[in-house]
Every structure is written in structure tokens, then in C-alpha cells.
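K.L.:
Please find the sequence and the predicted model below.
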Amino acid sequence: MTKQNQEFLELAGVPVIVHPPANPSLPAPLIVLWHGFGIPNSEELLAEVLPLEEVQAWKAYLGLPSFGKRLPAGGIDEIERRYMEDFLLKLLLPTSEQAMQELPNVIEALLAKFPIDHKEEIGLFGFSAGGLAVLLTLLESSVAIKTIVLAGVTKDLVSIVDGNERAKKQLHPELNEEQIKYRWSEASELAKKRLDFIARASEIVKRQPIPAILFVHGSQDEVFAVNQIEELYAAIAPYYSQTNQSERLCLQTFEHLGHDINLEAAKNSPELQQDIAELQQVVTAWFVKHLSSKT
């Protein structure tokens with residue numbers, strides 16, 4: 001994807017990069033993509049990782065709230081303060097929830113500006129925290145969704161807290177165990193129930209038609225262990241098999257990939273290059289099959 005083929009916009013207050021379909025004169029639905037807190041941690045980097053050139057669709061890469069052009073007053077220092085004070089309630093959940101709430105207005109603005117096939121439901125992609133925004137959208141939004149790809153996500157808030165405590169220990173070795181340990185509050189306990197995706201698995205199939213969902217996950221993911229996403233997949237799978245739609249649910253793992261999808265780091269690792277190339281092919285094929293077609 002050349003720079004000439006993409007537009008940098010602000011729509012409904014959200015920074016967006018738009019990639020047109022290969023043939024803009026033919027009908028094409030919309031795919032909305034959210035980056036994460038880790039790499040790719042911007043709409044620019046995500047657009048490089050997943051240009052999705054072979055998918056006959058409009059691709060809109062959205063900047064997450066509190067990131068990039070929307071850093072809060074105080075900048076990175078303020079993000080760090082929220083991270084240390086209460087990662088869940090001050091940073092992760094507000095960011096993902098606001099992204100979900102912004103989505104309908106962004107879609108409306110995209111439909112007004114581009115010749116997107118509005119008769120088709122959209123595709124959604126989310127990496128890590130962006131994947132949390134996708135899961136919230138799937139469960140709590142009225143946006144019509146046809147297919148979803150989730151990269152580097154996990155099953156619940158407990159595993160997110162565990163991963164965050166490990167990361168905090170590495171980033172701040174001067175902290176003791178008491179300072180690292182997350183203190184659950186009444187509000188975060190409520191959030192824990194809300195974001196228990198295994199407990200809410202049955203709600204996914206309440207959407208008609210049932211969305212096609214692909215999980216992609218690095219086997220070396222140091223933030224969210226691969227067995228956690230395997231548990232979520234196993235919880236969802238029976239609902240797909242009961243309706244004879246097992247082919248619309250898939251989990252693909254990548255042997256050498258960690259949590260980040262880092263093109264720069266992969267330059268020095270043929271194994272990582274191969275895994276990222278395969279991930280790009282798998283995600284592209286999923287959208288081609290389940291979004292561009294009439295399935």
C-alpha cells in the first residue's frame with residue numbers, strides 16, 4: 001500500500017487512516033481496525049502491519065482514545081500516572097469503552113464520505129486493547145457486524161491484571177510486591193464480571209447472523225498466554241457447532257510470535273518474519289472469505 005493510496009483524516013473527532021479497496025468502483029464493505037497498547041500501538045503502524053490489499057473493502061484504521069494525537073493533558077507522564085494508579089479503571093477500560101462508543105459516529109462519517117457498501121455489515125479487527133474494544137462492541141453495541149478478527153486478546157480481566165503485574169515488575173524493578181499487586185475495588189469487581197468473556201460466551205450467538213470470528217495469537221505471547229485464548233475459543237465453539245457453523249470460528253497460533261506484531265523487530269528474525277507474513281495471509285483470507293463474500 002503506497003502512501004498515495006491512503007488518507008489521513010479526522011472523523012467524528014477520531015484520527016483515521018483510510019485505505020481504499022483495490023477497485024473503488026466496485027461495491028465494497030467496511031473494515032474498522034483498532035491498534036493496541038503494545039506494538040502496533042498506533043493507527044499508522046497497524047496500517048503497515050495489515051494493509052489488507054487483497055480484501056475488496058474499505059479499511060479504516062482508528063486511533064484509540066488517549067493515544068497518539070489524542071494524548072491527554074500531561075502526555076505520556078499522565079498515561080504513566082493512570083497506569084500506575086489503576087491500570088484497569090483509569091486506562092484500559094476507559095480507552096476501550098470510549099472506542100466502542102465512538103464507533104457508530106465514525107462509521108456514519110465514513111459512509112458519508114466514501115462509497116462504502118452500507119447494505120453490508122462491517123468487519124472488525126482489534127489487537128490487544130483494541131481487541132477488548134472489539135469484544136465490548138460485539139457484546140454491547142448495536143453496530144451490525146459480519147466478521148471479526150481478534151489478535152493478542154484474552155479471556156477476562158483477571159488474566160489482564162496478571163499480565164499487567166508481570167509487566168509492571170519488569171518495567172519498575174524498584175517496586176515491591178505490595179506496590180505491584182492490583183487492588184480490586186467494588187468498581188473493578190463489577191468490571192471483572194462485565195469482561196468475563198467465557199461467562200458471556202452465549203451472548204455472542206445472540207447476534208443474527210452469528211459473526212465469523214478468527215482468533216490469531218502468538219504461541220510465545222508473554223502478556224496473555226496462549227492457553228487463555230484457547231479457553232475462550234473452547235467456550236465459544238459449542239455454540240457454533242450447535243448451529244452447524246463451526247467453519248465460522250477459528251483459532252490460529254503462530255509458533256515464534258510473542259504479544260507484539262513488530263515489523264521492525266522482525267527484520268532481524270526470519271522466524272518472526274515468517275510468522276507475521278503468515279498472520280497477514282490468514283487475516284486477509286478470513287476477511288476475503290467471510291466479509292467480501294455473501295456468506
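P.N.:
In hand now; what should we look at? Numbers count the residues shown, from 1 in each chain.
K.L.:
What is the burial count for the closest residue to residue 28 other than its chain neighbours?
P.N.:
Once flanking residues are discounted, residue 28 sits nearest to residue 21: 4.0 Å by Cβ to Cβ, 6 or more residues apart in numbering. The C-beta positions use only the backbone N, C-alpha and C, and glycine is treated the same way. Residues lying near residue 21 (other Cβ atoms under 10 Å) number 25.
K.L.:
State the helix or strand in which residue 21 lies.
P.N.:
For residue 21, there is no host helix or strand (DSSP states H and E).
K.L.:
next one: the one 10 residues further on
P.N.:
Element membership of residue 31, judged by DSSP H and E, is strand 30-34.
K.L.:
Work out the sheet partners of that strand and label each with its direction, please.
P.N.:
strand 58-62 (parallel), strand 122-127 (parallel) (DSSP bridges).
K.L.:
What are the contacting residues of it?
P.N.:
Outside strand 30-34, the residues that touch it by Cβ atoms under 8 Å, 6 or more residues apart in numbering are 43, 46-47, 50, 52, 55, 57-62, 64, 99, 103, 106-107, 110-111, 116-117, 120, 122-127, 129-131, 133-134, 287, 291.
K.L.:
6 Å instead, please
P.N.:
Residues from elsewhere that reach strand 30-34, judged by Cβ atoms under 6 Å, 6 or more residues apart in numbering: 46, 57-62, 99, 116, 122-126, 130, 133.
K.L.:
what mean pLDDT does that strand have?
P.N.:
On average, the pLDDT along strand 30-34 is 98.
K.L.:
Put the alpha carbons of the helix or strand following that strand into CSV.
P.N.:
Proceeding N to C from strand 30-34, the next assigned helix or strand is helix 43-49, under DSSP H and E. Output of helix 43-49 as CSV, limited to C-alpha atoms (Å, rounded to 0.1, in the frame of the first residue of the first chain):
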residue,chain,number,x,y,z
GLU,A,43,-3.1,3.6,13.5
GLU,A,44,-0.1,4.2,11.3
LEU,A,45,1.8,1.1,12.5
LEU,A,46,-1.4,-1.1,12.2
ALA,A,47,-1.9,0.1,8.7
GLU,A,48,1.6,-1.1,7.9
VAL,A,49,1.1,-4.5,9.6
